[in-house]
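>>> Need coordinates for the below:
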Amino acid sequence: MVQAIKRDEVFIEPEGIHVDTHQPERRSRKPPLLLVHGALTGSWLWTEIAAYLAERGWEAHALNLRGHFTSDVADLDAVTMRDYADDIGVALRHIGRPSVLIGWGIGALASMLHAERHPVLGLVLLAPSPPAAALPRRPDEHELRAVPAIYDAAWWGWTGSRDELRERMPDMSDDDLGKMRELLSDAHESGRARRERMEGVPIDPAHFIDLPSLVIGAGLDDVIHPTEARRTADLLGASYEYFPSASHFGLVMGERTWPDVAASMLGWLEEHRHAMAAASMSVTAVGARR
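Below you'll find the model as predicted:
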């Protein structure tokens, strides 16, 4: 049943992390969801999906990583992938209950890094930046040196003409592309974290054996090829969903694609929610004994 939702925003001090929240009007026992954006973006990426999930009873919190969108400015040339994982921890401590992590792109990799060291109830990884063991190849020194200390959307190729972007992302409407271009226009990203991903960020798959996980790949993704998403799923022992007509951005905000992706996520969450509720009680009990 679709229900009304309440929107709120929280600024977490002293870390300077901003979180947008979509709350179902009627509280439920379903675990909270923390949505983690990818490179150059912010909580705006999740506007439609967060509302969709909240309308169906799932409390959805959309994080802004340090130096992104409405979170405090950060020294991005020094920021690492582990720093982004730490930001996830800040948001989860504020939520105060065991949660499910939903990440896109580098947000998915940061979610894996957090889940490797801290208990979470589940992972949903959309077009995830692959960890070291799932990388298709290693870069050469020239490729690493070519990454600026801080880069923007133009360096990444996401600010071309609307016709160029429409060809790359046919599942994005003109309105979608306009929103993307506007919100990326003054965005910046950490070159150091980019080089870390290129060289390979290791994770230990043993930590994910019993963790419910879903990986979603996009057939038209020119950033994270679907074969890379599949390798990440295999590494984690995760379920895998494939959307052949989805692009990298379209997967999460394209009006022709995101409703099907959100419905798939919702189905997986509902399938696992009773097991996650039991795991939540266990995690809470362990925390209370400490």
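>>> use CA for all of it now, contacts and neighbours both
Noted.
>>> mind listing the helices in this protein by residue range?
For the chain, the helices defined by DSSP state H cover 47-55, 81-95, 106-117, 141-145, 153-156, 162-168, 174-184, 191-199, 226-236, 250-253, 258-289.
>>> quick one: R194 from G16, how far?
22 Å (Cα to Cα, to the nearest Å).
>>> got it, and Y52?
27 Å.
>>> just D72 next, same as before
From D72 to G16 the distance is 5 Å (Cα to Cα).
>>> need the strands for the stretch 1-150 of the chain, in chain order.
5-12, 17-24, 33-36, 60-64, 100-104, 122-126, 150-152 (DSSP state E, counting those that start in this stretch).
>>> Kindly present those strands as JSON lines, with separate columns for mean pLDDT.
Output for the strands of the stretch 1-150 of the chain, formatted as JSON lines (pLDDT from 0 to 100):
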{"stretch": "strand 5-12", "mean pLDDT": "94"}
{"stretch": "strand 17-24", "mean pLDDT": "96"}
{"stretch": "strand 33-36", "mean pLDDT": "99"}
{"stretch": "strand 60-64", "mean pLDDT": "98"}
{"stretch": "strand 100-104", "mean pLDDT": "99"}
{"stretch": "strand 122-126", "mean pLDDT": "99"}
{"stretch": "strand 150-152", "mean pLDDT": "97"}
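>>> Ok, which of these comes nearest L251?
Of all the strands of the stretch 1-150 of the chain, strand 122-126 sits nearest to L251, with 7.7 Å by Cα to Cα.
>>> so what does the closest one touch, helix or strand wise?
strand 100-104, helix 106-117, strand 213-218 (3 or more Cα pairs under 8 Å, 6 or more residues apart in numbering; DSSP states H and E).
>>> Pairing partners for that strand, with directions?
Sheet pairing here is set by DSSP bridges, and for strand 122-126 it gives strand 100-104 (parallel), strand 213-218 (parallel).
>>> Run the chain-centre distance for it.
Centroid displacement of strand 122-126 relative to its chain, using Cα atoms, centre = their mean, to the nearest Å, is 8 Å.
>>> quick one, it and helix 226-236 angle?
170 degrees (axes from the mean of the first three to the mean of the last three Cα atoms, to 10 degrees).
>>> tilt between strand 122-126 and helix 258-289?
Using the same axes, to 10 degrees: strand 122-126 against helix 258-289 is 150 degrees.
>>> contacting residues around strand 122-126?
Under the criterion Cα atoms under 8 Å, 6 or more residues apart in numbering, residues 99-105, 108, 111-112, 211-217, 251, 265, 276 lie in contact with strand 122-126.
>>> What confidence value was assigned to D86?
Per-residue confidence (pLDDT) for D86: 98.
>>> Tell me who's in contact with P139.
198-199.
>>> Need phi/psi at it.
phi -80, psi 160 (degrees, to the nearest 10).
>>> Alpha carbons only: can I get stretch 37-54 in PDB?
Taking Å, rounded to 0.1, in the frame of the first residue of the first chain, the C-alpha atoms of stretch 37-54 are listed here in PDB:
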ATOM      1  CA  HIS A  37      25.500   8.400  -3.800                       C
ATOM      2  CA  GLY A  38      28.400   8.100  -6.200                       C
ATOM      3  CA  ALA A  39      31.100  10.400  -7.700                       C
ATOM      4  CA  LEU A  40      30.300  14.100  -8.000                       C
ATOM      5  CA  THR A  41      26.700  13.700  -7.000                       C
ATOM      6  CA  GLY A  42      24.700  13.900  -3.800                       C
ATOM      7  CA  SER A  43      21.400  13.100  -2.100                       C
ATOM      8  CA  TRP A  44      19.600  14.600  -5.100                       C
ATOM      9  CA  LEU A  45      20.400  11.400  -7.000                       C
ATOM     10  CA  TRP A  46      18.000   9.400  -4.800                       C
ATOM     11  CA  THR A  47      15.000  11.700  -4.800                       C
ATOM     12  CA  GLU A  48      12.700   9.400  -6.700                       C
ATOM     13  CA  ILE A  49      13.800   6.100  -5.400                       C
ATOM     14  CA  ALA A  50      13.900   7.300  -1.700                       C
ATOM     15  CA  ALA A  51      10.300   8.600  -2.000                       C
ATOM     16  CA  TYR A  52       9.200   5.400  -3.700                       C
ATOM     17  CA  LEU A  53      10.600   3.200  -0.900                       C
ATOM     18  CA  ALA A  54       9.300   5.500   1.800                       C
END
